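J.: This is a predicted model, with the sequence first.
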Amino acid sequence: MSDQVVSRADLSGINSSLRSLDRTLDTINNNLHAVSQQVAAVSLQVNAVEQQVELTKNDLDKLTAEFREFVRQDAMMKNLQLAETRLVKIRQELENKYGHYEEVRRRAIGILQAVDSSLVRKETIELASEEQLLAAPRYWLAPCLVALSAWLNDNRELAEKAVIEALRRDDEKTSLFFALVTRRGGRYQSSSAWLERYLGQQDPNELKREIVVLVDGFSNGIFGLEARKRCGVLIKNWLDELSQKPGFVEAQREQWKNALLAKTERLDPSKFPHLQQYSPTWPQLQQALEGAHLHDIIFQYFNFILMQEVVPTKDLAAAVDQLLDILVREFDTEELPLRRDERLNELIIQQDGDKEAAQHLFDNEKLVEEKLDFTQLLTNFAMYPDESNASVATQKLAVALSKEWIKDAHRDLTAENRNAVPLDVEIQLDDWTGVSRDGSNEAELVGQLDQHLQNKKREALKKNRLGFGNWLALAAGAGFFYFGLETTFLLVLSVICVLVFVYGLFKQRKNKKNIEKAFAELFENHKQILLAVLSDIVDYRREYEAADANAGKIEEVLDPVTPEQYVYSTHDSARTVI
Amino acid sequence: MINRGRPVIHTSPETAARMQEELDRKIEELQKQTTNSSLANSFPAWDLNPPAILVRRRSTKL
């Protein structure tokens, strides 16, 4: 043991230091607490600021939207003010330049009404007309009125002079004016001459919409029997002229092909159910048959048009009469730029300064003024009579004039359709595929199907053999029997193994019977389906042949039709289309 | 719209002539109905026809 004495350590300094450290820690803790409180306060402040920022952002968004709306409104307001100012200026300009035209138009309407009702003396009408001539030195309508009033006053010399002047100013409008006035007055010979003159000035590439009413009018005899004949021949000449354009005939064929194809009707979905279900060729077969049925549809359509009786109605006469009103009220070509500006500004005012909306409306209105192509008109008359407001007579005329193109287009369609008919029809029953042309190779296909199923059956039977386990059980059984002659346990095991083998053998035999039975049923079932599909093929081929035979009927119905017959029935044996 | 039951009929010359006469009669009847008699009675006996001068085509793309 050691004699050394360890004196007691003086830990007061350490204690003091620890206490001091403790105090310092307390202070730090307090400070941290204070910092934490301050951070919490700052966090609250940050949240408050964030909320304020969000509010400010919302306000700013709102302000931006309001500002944009204000700018838009302001722009619209300016557009509106500008349009109003412009409108005043345009109208002033119109008044200064063409105010007398408006006056002539108003007088013209008045004079026509006065003449219609015989309420004003002819001398007054003549005087009023002559005054208009002085006021509108370039306007076509003024000399027209002079000519009309001179004619009514039996002043032939003045009437003819005024007509020459009116024709010099605007031949087209003057011709139409007199065609309509003379028709209204029952002077059909004169009306026919004027209408012929008017139509003779038309460009068949760019026809005005009024031509629809005029064609409908003369084809129904509204302009008299003479006009029916003469104008029919005249527009036939348009087509002869158009036909000389390169690519024109091809374009017509295509146009008519599309129009004829549009008449295609869907095949009855209940027809050929087995072909639909078991033939991958069905879509082509269906399309070809629908195309073949189209022959009869087209034939019936044209036959119906050509067999209908033409019954001229008062409505047609009223529509033709209305053209006179439109013509007299129509602005002159000279005025048109200003009139268009006037209309656009009117629309801007109507749309409260929204220029975009006004321009859209203006463009739509302009569409109505678009010119029409004569051949497109004929197609529309013949194929879409409801949409094009074509009467029976006009449909007949359109068919007569377009006959060659219709026949060409139909020949193209027929050839395309015949080429598209599948020669061989594929039949698919599960994984067996067979081909038949006309359904006559029934025995061959049944044999193929049988062979296919026999092969499949053989494969299935091949797979139905005893497994390795069964053979192992047999081997084990034999082994256990050999070694277990003196051991009961091994003998029992041997019996069990043999039983396992026998069970396997029994199961294999049972499966074999099931497989054979299933394949026999499958064959019978597939054979029935195959026979049904072949029957459908026979029916399909018969139906196609019958439908395709109608192709010749189109030419039969169209061949005898001529525009000459349309306008004037002949006494030959050809079809009449009156 | 389509009357599938109606056959193609090749009109005989006599029927065609009769149909033409019928149509002419209908047109003449309509002419009477739609003519403004007041205007028709105001016209003198002579017709105001266009001069027989060559008409100029408005425009052409050919």
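T.: Arrived safely, thanks for sending. Numbers count the residues shown, from 1 in each chain, chains lettered A, B, ... in the order given.

J.: mind checking the longest helix of the chain?
T.: Just so you know, I chose chain A. Assignment by DSSP state H gives helix A:12-117 as the longest helix of chain A.

J.: oops, chain B please
T.: helix B:13-34.

J.: could you check whether the helix or strand following that helix is close to chain A?
T.: Downstream of helix B:13-34, the first helix or strand assigned by DSSP states H and E is helix B:37-42. Yes: against chain A, helix B:37-42 shows contacts by C-beta under 8 Å from any C-beta of the partner chain at B:37-42. The way it works is simple: take the backbone N, C-alpha and C, and place the C-beta from them, glycine included.

J.: Got a quick ChimeraX command for the buried subset of those?
T.: Per 16 or more other C-beta atoms under 10 Å in any protein chain shown, the buried members of these correspond to this ChimeraX selection:
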select /B:39,42
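
J.: Pull the most distant pair out of the residues of helix B:37-42 next to chain A.
T.: B:37 and B:42 (9.6 Å; C-beta to C-beta).

J.: who touches the residue in the stretch 401-550 of chain A positioned nearest to chain B in this structure?
T.: Nearest residue of the stretch 401-550 of chain A to chain B, counting by C-beta to the nearest C-beta: residue A:550, 11.3 Å away. By C-beta atoms under 8 Å, 6 or more residues apart in numbering or on different chains, the contact set of residue A:550 is A:292, A:295-296, A:299.

J.: so where do the helices sit in the stretch 151-300 of chain A?
T.: For the stretch 151-300 of chain A, the helices defined by DSSP state H, counting those that start in this stretch cover A:156-169, A:171-184, A:188-200, A:210-219, A:225-242, A:248-261, A:273-278, A:282-307.

J.: Using JSON lines, lay out these together with mean neighbour count.
T.: JSON lines is the format used below for those (neighbours: other C-beta atoms under 10 Å in any protein chain shown):
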{"stretch": "helix A:156-169", "mean neighbour count": "18"}
{"stretch": "helix A:171-184", "mean neighbour count": "25"}
{"stretch": "helix A:188-200", "mean neighbour count": "23"}
{"stretch": "helix A:210-219", "mean neighbour count": "24"}
{"stretch": "helix A:225-242", "mean neighbour count": "19"}
{"stretch": "helix A:248-261", "mean neighbour count": "17"}
{"stretch": "helix A:273-278", "mean neighbour count": "17"}
{"stretch": "helix A:282-307", "mean neighbour count": "20"}
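
J.: Just put the residues of helix B:37-42 next to chain A in CSV and tack on pLDDT.
T.: Below are these laid out as CSV (pLDDT from 0 to 100):
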residue, pLDDT
B:37, 81
B:38, 82
B:39, 83
B:40, 85
B:41, 85
B:42, 84
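
J.: what ranges of chain B fall below the confidence cut-off?
T.: Applying pLDDT under 70 to chain B flags the ranges B:1-16, B:53-62.

J.: quick revisit: in the longest helix of chain B, what's buried?
T.: Neighbour-count burial for helix B:13-34, counted by 16+ other C-beta under 10 Å, picks out B:16-17, B:19-20, B:23-24, B:26-27, B:30-31, B:34.

J.: about what we covered before: other residues contacting the helix or strand that the longest helix of chain A is followed by?
T.: Moving toward the C-terminus from helix A:12-117, the next helix or strand (DSSP H and E) is helix A:122-135. Contacts to helix A:122-135, defined as C-beta under 8 Å, 6+ apart, come from residues A:100, A:103-104, A:107-108, A:110-111, A:114-115, A:141-143, A:145-146, A:148-150, A:152-153, A:155, A:162, B:42.

J.: For residue A:320, see how far away whatever residue of the stretch 1-150 of chain A ends up closest to chain B is.
T.: Nearest residue of the stretch 1-150 of chain A to chain B: residue A:118, at 4.5 Å (C-beta to the nearest C-beta). Distance, residue A:118 to residue A:320, by C-beta to C-beta, to the nearest Å: 22 Å.

J.: Which of these two has more residues huddled nearby?
T.: residue A:320 (23 against 14; other C-beta atoms under 10 Å in any protein chain shown).

J.: Excluding chain neighbours, give the residue nearest to the more buried one in space.
T.: Leaving aside its chain neighbours, residue A:320 sits nearest to residue A:217 (4.2 Å; criterion: C-beta to C-beta, 6 or more residues apart in numbering or on different chains).

J.: what helices or strands is the longest helix of chain B leaning on?
T.: helix A:225-242, helix A:314-329 (3 or more C-beta pairs under 8 Å, 6 or more residues apart in numbering or on different chains; DSSP states H and E).

J.: So which residues make contact with the longest one?
T.: Residues external to helix A:225-242 that are found in contact with it (C-beta under 8 Å, 6+ apart): A:188-189, A:191-192, A:195-196, A:199-200, A:202, A:204-205, A:215, A:218-219, A:221, A:223, A:248, A:374-375, A:397, A:401, A:563-564, A:566-568, B:24, B:27-28, B:62.

J.: Okay, angle between it and helix A:210-219 too, please.
T.: Interaxial angle of helix A:225-242 relative to helix A:210-219 (axes from the mean of the first three to the mean of the last three C-alpha atoms, to 10 degrees): 130 degrees.

J.: Send me helix A:225-242 as CSV with only the CA atoms.
T.: The C-alpha trace of helix A:225-242 is given here as CSV (Å, rounded to 0.1, in the frame of the first residue of the first chain):
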residue,chain,number,x,y,z
LEU,A,225,-91.0,30.5,-125.8
GLU,A,226,-88.6,32.2,-128.2
ALA,A,227,-86.2,33.1,-125.4
ARG,A,228,-86.3,29.5,-124.1
LYS,A,229,-85.0,28.3,-127.4
ARG,A,230,-82.5,31.1,-128.2
CYS,A,231,-81.0,31.5,-124.8
GLY,A,232,-80.6,27.7,-124.4
VAL,A,233,-78.6,27.5,-127.5
LEU,A,234,-76.6,30.6,-126.5
ILE,A,235,-75.4,29.1,-123.2
LYS,A,236,-74.6,25.9,-125.0
ASN,A,237,-72.2,28.0,-127.0
TRP,A,238,-70.6,29.2,-123.7
LEU,A,239,-69.8,25.6,-123.0
ASP,A,240,-68.3,25.0,-126.4
GLU,A,241,-66.2,28.0,-125.8
LEU,A,242,-65.2,26.9,-122.3
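
J.: quick one: average pLDDT of that helix?
T.: The pLDDT scores in helix A:225-242 average 82.

J.: Return the distance of that helix from the chain's centre.
T.: How far helix A:225-242 lies from its chain's middle: 33 Å, per C-alpha atoms, centre = their mean, to the nearest Å.

J.: No more questions from me, cheers.
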